[in-house]
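Visitor: Test case, fold it:
(chains A and B)
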Amino acid sequence: MQWLTIFRKECLESTRNFKWMWVPLVFILLCIVDPLTTYYLPQILEATGGLPEGSTFEIPTPPPAQVMMMSVVQMNTIGILILALITMGTIAGEKKAGIAELVLVKPVSYLSYVTAKWAAYSLIILASVFVGLLASWYYVNLLFGELAFSSMLVTFLFYGLWMVFLLGISLFMNTLTKSPGLTLFFTMSATIFLSAVSGMLSHLFEWSPAQLTAHLNTYLASGSLPDVIWGATAITIAAIALLLFLATITLKKKELA
Amino acid sequence: MQDAMTMLQENLAIFAPLIAVQIILSVLALVSLFRTDETNGPKWMWALIILFINTLGPIAYFIFGRRGDV
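Guide: Take a look at the predicted model:
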């Protein structure tokens, strides 16, 4: 299977350049920083000083689910940047270095080239999101009170879907240009644009992939999945398929020009 | 500062994983640095960055340090 060959080559490459280790570790850090600082906020304020003498104010302890949401928000900013950074050269860089020609001159379809890369990176990102949320869940239980493991799993499923969608965007942008820097710029612009528009016009864009995190917030606050999340899920899956298809077409059309 | 230190000691069990992850990250970056032939910029500079810039140093190395990776 040529698809499996490319997929294995990508996984091997990611192991060799340590992506399989450092990306999950960074996601763990991202996810535990917020629960820790939130928990120690009173002590931190006390230790750093700056409060007038005798001033006391109560800092309410957020509910456990809310703290897990903080980890998700953290991943949604720096995590996305890391996602875009590690994938910015995967096709664009190979085109630039001439590796893509070497691969595609063999009987490898453009579709398997794109989808195998997407799958290999999805695996890394999903594993990273999972261990990150697991660490966050551990600290939330330790410091803030009980949060069901199932909430963590549901958060992982929907948040993972959004991340995998972003990988689709990044791979599509990869096929547009030969410059990794430009790919990064396009991916981040598209993500920010999508999030901003869906956030501002949230009543019109309920089914937008970018609203998945907002729906997750509702879920974590109320404990039951809002109905719109299924629409958003369907749209996201369709969008991933479309993005990968478009990526294949642009790659073929540009014929490594 | 005194308070911060005692706080850290009292809650070692909570902070240990955080510190462990940071150490593993730095060690991985150093291992990778010694193994690779060429880096973007001098190797000793990256070694200093990895050792002295907490968390962000190793990440910066992994993303920008290696030649031919990006």
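
Visitor: who's in contact with residue 11?
Guide: No chain specified, so I'll use chain A. The contact partners of A:Cys11, taken as CB atoms under 8 Å, 6 or more residues apart in numbering or on different chains, are A:Trp20, A:Ala120, A:Leu123. (Glycine included, C-beta is placed from N, CA and C.)

Visitor: sorry, should have said chain B
Guide: By CB under 8 Å, 6+ apart, B:Asn11 lies in contact with nothing.

Visitor: try it again with 10 Å
Guide: Going by CB atoms under 10 Å, 6 or more residues apart in numbering or on different chains, B:Asn11 touches A:Leu36, A:Tyr39, A:Tyr40, A:Gln43, A:Leu143.

Visitor: Using ChimeraX, define a selection of the buried residues within those.
Guide: Selection of buried members from those for ChimeraX, criterion 16 or more other CB atoms under 10 Å in any protein chain shown:
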select /A:36,39,40,143
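
Visitor: Secondary structure, pLDDT and distance to chain B for the contacts of B:Asn11 - can I get that in a markdown table?
Guide: Below are the contacts of B:Asn11 laid out as a markdown table (DSSP: H, G, I helix; E, B strand; the rest coil; pLDDT from 0 to 100; distance: CB to the nearest CB, whole Å):
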| residue | secondary structure | pLDDT | distance to chain B |
| --- | --- | --- | --- |
| A:Leu36 | helix | 91 | 7 |
| A:Tyr39 | helix | 90 | 8 |
| A:Tyr40 | coil | 86 | 7 |
| A:Gln43 | helix | 78 | 5 |
| A:Leu143 | helix | 91 | 7 |
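
Visitor: can you tell me how far A:Thr248 sits from chain B?
Guide: Remark: distance between A:Thr248 and chain B (CB to the nearest CB, to the nearest Å) = 23 Å.

Visitor: for the helix or strand hosting that residue, packing partners?
Guide: Per DSSP states H and E: A:Thr248 is located in helix A:228-254. Under the contact criterion of 3 or more CB pairs under 10 Å, 6 or more residues apart in numbering or on different chains; DSSP states H and E, helix A:228-254 touches helix A:99-104, helix A:110-143, helix A:149-176, helix A:212-222.

Visitor: Pick the one among the contacts of A:Cys11 closest to chain B.
Guide: Closest approach to chain B among those (CB to the nearest CB): A:Trp20, at 10.5 Å.

Visitor: Number of residues surrounding the closest residue to that closest one other than its chain neighbours?
Guide: The shortest distance from A:Trp20 to any non-neighbouring residue, by CB to CB, 6 or more residues apart in numbering or on different chains, is to A:Ser14 (5.2 Å). Using other CB atoms under 10 Å in any protein chain shown, A:Ser14 has 19 other residues around it.

Visitor: Equivalent analysis for A:Asp34, please.
Guide: A:Asp34: 19 surrounding residues under other CB under 10 Å.

Visitor: That one contacts A:Ser136, doesn't it?
Guide: Yes - at 7.9 Å, A:Asp34 counts as touching A:Ser136 under the criterion of CB atoms under 10 Å.

Visitor: what residues are shared contacts of these two?
Guide: The contact lists of A:Asp34 and A:Ser136 share A:Val67, A:Met68, A:Met69, A:Met70, A:Ser71, A:Val72, A:Gln74, where a contact means CB under 10 Å, 6+ apart.

Visitor: The helix or strand containing B:Ile19 - contacts with which helices or strands?
Guide: Assessed by DSSP H and E, B:Ile19 sits inside helix B:12-35. Using 3+ CB pairs under 10 Å, 6+ apart, the elements in contact with helix B:12-35 are helix A:19-39, helix A:110-143, helix B:2-10, helix B:43-52, helix B:56-60.

Visitor: now that helix and helix A:19-39, what's the angle there?
Guide: Using axes from the mean of the first three to the mean of the last three CA atoms, to 10 degrees, one finds that helix B:12-35 and helix A:19-39 are set 150 degrees apart in direction.

Visitor: Next, the buried residues of helix B:12-35.
Guide: Buried residues in helix B:12-35, counted by 16+ other CB under 10 Å: B:Ile14, B:Pro17, B:Leu18, B:Val21, B:Leu25, B:Ser26, B:Leu28, B:Ala29, B:Leu30, B:Ser32, B:Leu33.

Visitor: what residue is smack in the middle of the chain?
Guide: You didn't say which chain, so I picked chain A. Residue closest to the mean C-alpha point of chain A, counted by CA atoms, centre = their mean, is A:Met163 at 3.2 Å.

Visitor: my bad, the chain I had in mind was chain B
Guide: Centre-nearest of chain B using CA atoms, centre = their mean is B:Ser26, 3.0 Å out.

Visitor: which non-adjacent residue is nearest it?
Guide: B:Pro58 (5.3 Å).

Visitor: Show the buried residues in the shared contacts of A:Asp34 and A:Ser136.
Guide: Buried among the shared contacts of A:Asp34 and A:Ser136 (16+ other CB under 10 Å): A:Val67, A:Met68, A:Met69, A:Met70, A:Ser71, A:Val72, A:Gln74.

Visitor: ok, those vs B:Thr6, which is closest?
Guide: Of all those, A:Val67 has the smallest distance to B:Thr6: 24.8 Å, by CB to CB.
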